[in-house]
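Asks: okay, here's the prediction I keep looking at, along with the sequence it came from:
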Amino acid sequence: MADKNTPDIIYTKVDEAPELASASLLPIIRKFASAAGISVGTKDISLAGRILATFPEMLTEEQRISDDLAELGELVKTPEANVIKLPNISASVPQLVAAIKELQSQGYALPDYPEEPKTDAEKAVRAKYDSIKGSAVNPVLREGNSDRRAATAVKKFAQANPHRMGEWTRDSKTRVAAMSGGDFFSNEVSATLPKEATATIVLENAKTETVLKEGVKYPAGTVVDATYMSASALDSFLEDEIAKTKDEGVLFSLHMKATMMKVSDPIIFGHAVKAWLKPVFEKYGDEMKALGVNPNSGLGDLLARVKDQPEIMAAIEAVTAERPPMYMVNSDKGITNLHVPSDVIIDASMPALIRAGGKGWGPDGKEHDCVCVIPDNSYAPVYDAAVEFFKANGKLNPATAGTVQNIGLMAQKAEEYGSHPTTFEIPTDGVVKMVLDDGTVLHAHEVKAGDIWRSASARKAPIEDWVNLAIDRQRLTGYRAIFWLDENRAHDAELIKYVKPILEAKGVADKFEIMAPREATIASLETITKGENTIAITGNVLRDYLTDLFPILELATSAKMLSIVKLMQGGGLFETGAGGSAPKHVQQLLEEDHLRWDSLGEFCALGESFRFLAETKGNAKAKVLGDAVDVATQGILDNDRSPSRKVGQPDNRDSHYWFARYWAEALAAQGDDAELAAEFAPVAKALADDEAKIVAELAAVQGKPADIGGYYHADPAKLAAVMRPSATLNAIIG
Ligand SMILES: NC(=O)C1=CN([C@@H]2O[C@H](COP(=O)(O)OP(=O)(O)OC[C@H]3O[C@@H](n4cnc5c(N)ncnc54)[C@H](OP(=O)(O)O)[C@@H]3O)[C@@H](O)[C@H]2O)C=CC1
Ligand SMILES: O=C(O)CCC(=O)C(=O)O
Ligand SMILES: [Mg+2]
């Protein structure tokens, strides 16, 4: 699909804080790029944009927009792709419903989200909305494996300016709680397919055979797993942990990934909501169902639906009084861990808690120790090991700590993160079988109604690419390199059968270790504690978890990470940081017109994207621009120009002014391209001459509410007015 009209670089239009930042940064990028004849286009992958693109038939001609995600999904499969991907919302149902409401209020005649679809028409609408739900963007664009690390300048800055870390003490009551069996980890089976195959997934019982899914195609060499979580084992585990937490006198918390794991994890979350309010569900379950309560949507939705039922409300209050205090998302507003399934997302929540010394916020607005419930044992040991390591050794010292880089198996919807179409909440007791087209029963599990069964897979080409990427990084760095694979886990054992022969064939087996996640966590923490560096070579889930965990400990945030996806067809995808879209930052902007979002991730991605353009299109000016971006980024760090957190102090917009200035100065000063130097010398001078005026104009707007005309679907003119308040700067940028 890449034709001559495809811009050289695509900068994605997203949501929340990064989109606010783009309103200020993108005009600067475009001005600088155009001087080198480089076009920077945008593609809308925002939640609102994806909703609008999905329902053209409901919209007027003028309201219709193209399906940019589908177009980008094709582009990333071509060598021409050069995409800067900012973080976007992976919507839970409450977020999706809120976005639909906002768009309806703006005059878009979209259908409501059918909570309980009955007619065929409602089912069709629901299926369309479900395709937008959860992590619906990243898996489409990630046609390559992941290389995430802190750029050297960023790591050095963090060591020279260490952030505050909470104290860890030996008597901390914080602990990680995982099931003792019946979980995905213990029920997993896995096999590598010798030839290509098409699978049918059926549920058999004495009376019937139900086809859960058919036509699941796998190329030869695919590693195919199947597993399930027992609903009854999960329920008794949750009840036990709620009771134990109460005895221990700490906060109860649950950490899931309801966005990426959009089918399984909201169900597990729903079990926790039911366990928390068990007596209420026992007594009023039918009434609540009639009111439309779905525990998977969280306590927030539940309370909204029963608020006019005094008897149910009284029962909820009575149970709550018996429960341990809960870990809060916002104690001022009474929003608990269980209010919305996507408020507490494990990759960001557990590292923040560990950085704070094992503390979470309680209903009293104070910090307390926490029981961290992570039901499945596939990855819980990573957090358990980290918590126990810091209890024994005290907090990490960011001034001296080395770094953990990551090479992650991610391409082509690898592993659990691609499992949604093959995940089922089992309707009746029976046996789930995966049957191949040649009649082979690949996997079979005896299950009970309510169990969560799923199959995940990883393809041969991405696995081999991932191992080779790891070999390259290890050779470039010489760092200790560990494959985080557990030989006692079925899936990992199949991967090891790929990894070892490749390492041996390349003669580098002695450079790599293979360790289960718990041991690898301890080894990595020991390594960085000594000030040394290591590469974690992991599957898709740990790619996600570790690239928040280690950066949040080492750099305070994962927003500053370099996050490169070397696309398997030769293109480049440059993700900006390893974190999310920071909803709290938007709230602050709306309330007091201060944006604390740090665009360092965007700066790092931009430099890489220009250099990639230089390599792939032989564009020498792009290299000059990219190298100057790096000088500007260094300038931001050296001169402490990153946004501060508090209103009245320099924010995201100020940091963009400085970025533009340092970038222009670097271009004016370089000797590789005289044309660019001549073009940017006056820009640099104007930006320096007008510094006082620009800084004053930016400062003047802070401290009062800001109106951007919508949360999910802002008004571009209002957004530009808020994010570009300096007429002097705008005149220079044009
Ligand atoms: N790649 C992607 O597209 C990703 C998308 N997401 C989505 O993002 C949303 C929010 O996710 P959540 O788990 O809350 O995680 P976030 O990473 O958005 O936020 C966690 C916290 O990290 C800090 N932070 C993150 N980015 C920056 C930045 N650039 N500058 C300064 N601080 C930063 C903020 O801390 P503080 O408030 O203390 O300033 C923020 O509240 C969800 O919808 C999620 O699905 C999540 C991860 C990746
Ligand atoms: O796509 C998402 O929902 C989150 C992605 C994420 O957290 C990551 O890749 O680090
Ligand atoms: Mg993540």
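Replies: Thanks, I have it. Ligands and ions are numbered 1, 2, ... in the order given.
Asks: could you report the neighbour count for the nearest residue in space to residue 672 that is not next to it in sequence?
Replies: Leaving aside its sequence neighbours, residue 672 sits nearest to residue 624 (Cβ to Cβ, 6 or more residues apart in numbering; 5.2 Å). For glycine as for every other residue, the C-beta is placed from the backbone atoms N, C-alpha and C. Counted with other Cβ atoms under 10 Å, the neighbours of residue 624 add up to 22.
Asks: thought residue 624 was touching residue 667?
Replies: Yes - here residue 624 reaches residue 667: they are 7.1 Å apart, a contact under Cβ atoms under 8 Å.
Asks: got any residues that touch both of the two?
Replies: Shared contacts of residue 624 and residue 667 (Cβ atoms under 8 Å, 6 or more residues apart in numbering): residue 676.
Asks: now do the same end-to-end measure for stretch 397-416.
Replies: 33 Å (Cα to Cα, to the nearest Å).
Asks: any idea how far residue 167 is from the closest residue to residue 134 other than its chain neighbours?
Replies: Closest residue to residue 134 apart from its sequence neighbours, by Cβ to Cβ, 6+ apart: residue 262 at 2.7 Å. Separation of residue 262 from residue 167 (Cβ to Cβ, to the nearest Å) stands at 37 Å.
Asks: against residue 446, how distant is residue 236?
Replies: 19 Å.
Asks: residue 623 too?
Replies: Taken as Cβ to Cβ, the span from residue 623 to residue 446 is 60 Å.
Asks: likewise residue 562?
Replies: Residue 562 is 46 Å from residue 446, by Cβ to Cβ.
Asks: for residue 459, same thing?
Replies: From residue 459 to residue 446 the distance is 29 Å (Cβ to Cβ).
Asks: circling back to that earlier point, so between residue 236 and residue 446, which is more surrounded?
Replies: Counting neighbours by other Cβ under 10 Å for residue 236 and for residue 446 shows that residue 236 has the greater number, 15 against 10.
Asks: state the distance from the nearest residue to residue 349 once chain neighbours are set aside to ligand 2.
Replies: Nearest non-adjacent residue to residue 349, counting by Cβ to Cβ, 6+ apart: residue 255, 5.3 Å away. According to Cβ to the nearest ligand atom, to the nearest Å, residue 255 stands 13 Å off from ligand 2.
Asks: and for residue 130?
Replies: For residue 130, the distance to ligand 2 - Cβ to the nearest ligand atom - is 15 Å.
Asks: and that residue, how many neighbours?
Replies: There are 17 residues near residue 130, going by other Cβ under 10 Å.
Asks: now the one 3 residues further on
Replies: Summarising burial for residue 133: neighbours were counted as other Cβ under 10 Å, giving 22.
Asks: residue contacts, it?
Replies: Contacts of residue 133 were listed using Cβ under 8 Å, 6+ apart, and they are 91, 92, 93, 96, 262.
Asks: quick one, which of these are buried?
Replies: Those of the contacts of residue 133 that meet the buried threshold are 91, 92, 93, 96, 262, by 16 or more other Cβ atoms under 10 Å.
Asks: closest one of the residues you listed to residue 365?
Replies: residue 92 (24.9 Å; Cβ to Cβ).
Asks: mind checking what secondary structure the closest residue to the closest one other than its chain neighbours has?
Replies: Excluding its sequence neighbours, the residue lying closest to residue 92 (Cβ to Cβ, 6+ apart) is residue 342, at 3.6 Å. Of the three states, residue 342 takes coil under DSSP: H, G, I helix; E, B strand; the rest coil.
Asks: paired strands for the longest strand along the chain, with orientation please.
Replies: In the chain, with assignment by DSSP state E, the single longest strand is strand 209-218. Partners of strand 209-218 in the sheet, by DSSP bridges, are strand 197-204 (antiparallel).
Asks: host element of the residue of the stretch 501-650 of the chain found nearest ligand 3?
Replies: In the stretch 501-650 of the chain, the residue that lies nearest ligand 3 is residue 544 (4.1 Å; Cβ to the ion). Using DSSP states H and E, residue 544 sits within helix 540-555.
Asks: can you give me the strands in the stretch 1-150 of the chain?
Replies: Secondary structure of the stretch 1-150 of the chain, counting by DSSP state E, counting those that start in this stretch: strands at 9-13, 40-44, 82-85, 144-149.
Asks: out of those strands, flag the one nearest ligand 3.
Replies: strand 144-149 (9.5 Å).
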